[in-house]
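Novice: Fold the stuff below for me.
(one chain, ligands or ions: 2)
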Amino acid sequence: MGKKLYIQTLGCAMNERDSAHIIAELQEKEHYFLTQNPKEADLILINTCSVREKPEKKLFSEIGQYAKLKKQDAKIGVCGCTASHLGDVILKRSKSVDFVLGARNVSKISQIIHQKRVAWVDIDYDDSAYVFSQNPNSTLKGMINISIGCDKKCTYCIVPHTRGNEISIPAALILDEAKRMVGDGVKEILLLGQNVNNYGKRFSNEHRAINFTQLLNEISQINGLERIRFTSPHPLHMDDDFISEFARNPKICKSIHMPLQSGSNAILQKMRRGYTKEWFLNRIEKMRSLIPCLSVGTDIIVGFPTESEEDFLDTLDMLEKVRFDTLYSFIYSSRPHTQAQKWLEEDKSVKLVDEEVAKERLMLLKERHKEILTEDNFKQIGKIHSILFESFDEENLLLEGRSDTNKLVRVKAGRNLVGEICKVKISQIKGAQLLGELI
Ligand code: 5AD
Ligand code: SF4
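Specialist: Ligands and ions are numbered 1, 2, ... in the order given. Alright, predicted model coming up:
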């Protein structure tokens, strides 16, 4: 009988990919299998996120809860960005933690579980460490890291500190992994990186020169692969070449996540994002002129230090102009090792936005986005989408899948069509759900 692993994953898609890597390593090399019940686990892992302060603060109470309910000899490990950021401070603060493994060190999981009270958090530049572990559970969708770390220095962001400078994974490794996945039945691949379209700027070693647009093109030539998605591109690096490949290539899904962060040029500059709202709008207009059905998602931070009412109105204005399909919005959270925190500490003229004001702005933003989404969802009635079905509820005969534009669509159907891509006409809107009929 193998050992049981319980893993809690917080944060972004990158962390999900890292958790998948950890699970595959432990299954292959240490014969673990997954459990959803921490009480019966032999190993409990928390894959942490440090982008905002709150989840980081909650980490120690979570460790305490796991320590109370775990089996007597079970181990607890802390992985991910907070592990990178706090390192052995976690061991000092919590006697229940057996090891700490940084976000850049996931491939060492099968070694560290045999160590006692150690923290491995160095920034590793060896790309052989990112050779993908075989995932024995083939599914319809696969995730591939194409780069690690981030070279940008956005002034609010702790990620360059926790995940280190950016290196690209050699294209040959990515293509091999994609082919293997497709051979295992994967239809859709999600390419991951903090800054995917900066791909190819730096490798850890001598490797074939290739940029993101060329990589997309090469992956799309894999027979049997139906769909490619990626997250997140940086608006600054969205050049015309990329836009024309994106528009022209039928395998590249027509939905894009473009983190705006703020609609105010003054705030964008203070965030060091490197673009203006005019550039962002220009990129959207160019893409929409080629792809009228394009769906756009974004991330927005409200309450960045010094953000005025006028700055916030500029952000709201971008909602009207772009009409984002998905919005992840956050209140600014001051993070160590960031320029913005330094300004707050050292420059008396830089102040945090009042908490109540920031909360109100977040609420207004979310409300307006919800209205826009409802209006736009109604425009979907009668439209035809290609849906890749991912699940089938046999009791209610309901198929569920996603359109090319990443909309979740449900369809009543007499048979299981999971894994197939079918044409569906949208017939009804129920809350945020789109309902359709097979045609
Ligand atoms: N405070 C609030 N939100 C942040 N993000 C990154 N850093 C911070 C911070 N300090 C948000 C950005 C980013 C997303 C992953 O998290 O919007 O795109
Ligand atoms: Fe953080 Fe900016 Fe890098 Fe994104 S691009 S991970 S926001 S520093």
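
Novice: Excluding chain neighbours, give the residue nearest to whichever residue of the stretch 201-350 of the chain sits closest to ligand 2 in space.
Specialist: Closest to ligand 2 within the stretch 201-350 of the chain is His234: 5.7 Å, counting by CB to the nearest ligand atom. To be clear about C-beta, it is placed using only N, CA and C from the backbone, and glycine gets the same treatment. Take His234 and drop its neighbours on the chain: the residue closest to it by CB to CB, 6 or more residues apart in numbering is Asn195, 5.0 Å away.

Novice: distance of the one you found from ligand 1?
Specialist: As judged by CB to the nearest ligand atom, to the nearest Å, Asn195 and ligand 1 stand 11 Å apart.

Novice: Check the gap between that residue and Arg202 for me.
Specialist: 12 Å (CB to CB, to the nearest Å).

Novice: where's the nearest residue to Ile381 once chain neighbours are set aside, which helix or strand?
Specialist: Nearest non-adjacent residue to Ile381, counting by CB to CB, 6+ apart: Ile426, 5.6 Å away. Ile426 is part of strand 421-430 when elements are defined by DSSP states H and E.

Novice: Point out the residues in the chain that sit beside ligand 2.
Specialist: When proximity is defined by CB under 6 Å from any ligand atom, the chain lies next to ligand 2 at 150, 152, 154, 157, 159-160, 194-195, 234.

Novice: related to what we said a few turns ago, list the beta-bridge partners for the residue nearest to Ile381.
Specialist: Gly436 (DSSP bridges).

Novice: Next, count neighbours for it.
Specialist: 23 (other CB atoms under 10 Å).

Novice: Then Leu59?
Specialist: Leu59: 23 neighbours (other CB under 10 Å).

Novice: Over to Asn406?
Specialist: Asn406, neighbours per other CB under 10 Å, totals 16.

Novice: still on that earlier bit, distance check, the residue of the stretch 201-350 of the chain closest to ligand 2 against Val196.
Specialist: From His234 to Val196 the distance is 8 Å (CB to CB).

Novice: check contacts around the spatially most central residue of the chain.
Specialist: Centroid check for the chain by CA atoms, centre = their mean gives Ala13 as the closest residue, at 3.0 Å. By CB atoms under 8 Å, 6 or more residues apart in numbering, the contact list for Ala13 reads 143, 190, 192, 231.

Novice: For the first one, give me its contacts.
Specialist: When you say that, I think you mean Met143. Here Met143 is in contact with 13, 16-17, 20, 189-190, 192 (criterion: CB under 8 Å, 6+ apart).

Novice: and the residue nearest to Ser220 when sequence neighbours are not counted, how many neighbours?
Specialist: Leaving aside its chain neighbours, Ser220 sits nearest to Lys251 (4.3 Å; criterion: CB to CB, 6+ apart). Residues lying near Lys251 (other CB under 10 Å) number 17.

Novice: Identify the residues contacting Lys251.
Specialist: Counting by CB under 8 Å, 6+ apart, the residues that Lys251 touches are 220, 225-228.

Novice: now, which of the residues you listed sits nearest ligand 1?
Specialist: Ile228 (21.4 Å).

Novice: If I look at that closest one, what pLDDT would I see?
Specialist: Per-residue confidence (pLDDT) for Ile228: 98.

Novice: Just list whatever residues bridge to it.
Specialist: Counting by DSSP bridges, the residues bridging with Ile228 are Ile189, Ile252.

Novice: Contact partners for it?
Specialist: 188-189, 191, 216, 219-220, 249, 251-253.

Novice: can you pull out the strands in the stretch 51-200 of the chain?
Specialist: Assigned by DSSP state E, counting those that start in this stretch, the strands in the stretch 51-200 of the chain fall at 75-80, 99-102, 118-120, 141-145, 147-148, 167-168, 188-192.

Novice: Turn those strands into a markdown table, columns for mean pLDDT.
Specialist: Shown next, in a markdown table, are those (pLDDT from 0 to 100):
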| stretch | mean pLDDT |
| --- | --- |
| strand 75-80 | 97 |
| strand 99-102 | 96 |
| strand 118-120 | 96 |
| strand 141-145 | 91 |
| strand 147-148 | 90 |
| strand 167-168 | 92 |
| strand 188-192 | 95 |
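
Novice: Just send the ones you listed back as JSON lines, with distance to Lys92 too.
Specialist: Below are the strands of the stretch 51-200 of the chain laid out as JSON lines (distance: least, CB to CB, whole Å):
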{"stretch": "strand 75-80", "distance to Lys92": "12"}
{"stretch": "strand 99-102", "distance to Lys92": "10"}
{"stretch": "strand 118-120", "distance to Lys92": "10"}
{"stretch": "strand 141-145", "distance to Lys92": "31"}
{"stretch": "strand 147-148", "distance to Lys92": "27"}
{"stretch": "strand 167-168", "distance to Lys92": "30"}
{"stretch": "strand 188-192", "distance to Lys92": "32"}
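
Novice: residues in this protein within reach of ligand 1, list them.
Specialist: Going by CB under 6 Å from any ligand atom, the residues of the chain near ligand 1 are 12, 51-52, 156-157, 259, 261, 299, 301, 330, 332-333, 335.

Novice: Output the helix ranked longest in the chain as PDB, restricted to C-alpha atoms.
Specialist: Ranked by number of residues, the top helix in the chain under DSSP state H is helix 355-378. Taking C-alpha atoms only, helix 355-378 is exported to PDB below (Å, rounded to 0.1, in the frame of the first residue of the first chain):
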ATOM      1  CA  GLU A 355      -8.800  51.300   3.700                       C
ATOM      2  CA  GLU A 356     -12.500  52.200   3.500                       C
ATOM      3  CA  VAL A 357     -12.000  54.200   0.300                       C
ATOM      4  CA  ALA A 358     -10.100  51.300  -1.200                       C
ATOM      5  CA  LYS A 359     -12.800  48.800  -0.200                       C
ATOM      6  CA  GLU A 360     -15.500  51.100  -1.800                       C
ATOM      7  CA  ARG A 361     -13.500  51.400  -5.000                       C
ATOM      8  CA  LEU A 362     -13.100  47.600  -5.200                       C
ATOM      9  CA  MET A 363     -16.800  47.200  -4.700                       C
ATOM     10  CA  LEU A 364     -17.700  49.800  -7.400                       C
ATOM     11  CA  LEU A 365     -15.300  48.100  -9.800                       C
ATOM     12  CA  LYS A 366     -16.700  44.700  -9.200                       C
ATOM     13  CA  GLU A 367     -20.300  45.900  -9.500                       C
ATOM     14  CA  ARG A 368     -19.800  47.700 -12.700                       C
ATOM     15  CA  HIS A 369     -18.000  44.700 -14.100                       C
ATOM     16  CA  LYS A 370     -20.800  42.400 -13.200                       C
ATOM     17  CA  GLU A 371     -23.300  44.700 -15.000                       C
ATOM     18  CA  ILE A 372     -21.100  44.700 -18.100                       C
ATOM     19  CA  LEU A 373     -20.800  41.000 -18.000                       C
ATOM     20  CA  THR A 374     -24.500  40.400 -17.700                       C
ATOM     21  CA  GLU A 375     -25.200  42.800 -20.700                       C
ATOM     22  CA  ASP A 376     -22.500  41.100 -22.800                       C
ATOM     23  CA  ASN A 377     -23.700  37.600 -21.900                       C
ATOM     24  CA  PHE A 378     -27.200  38.300 -23.200                       C
END
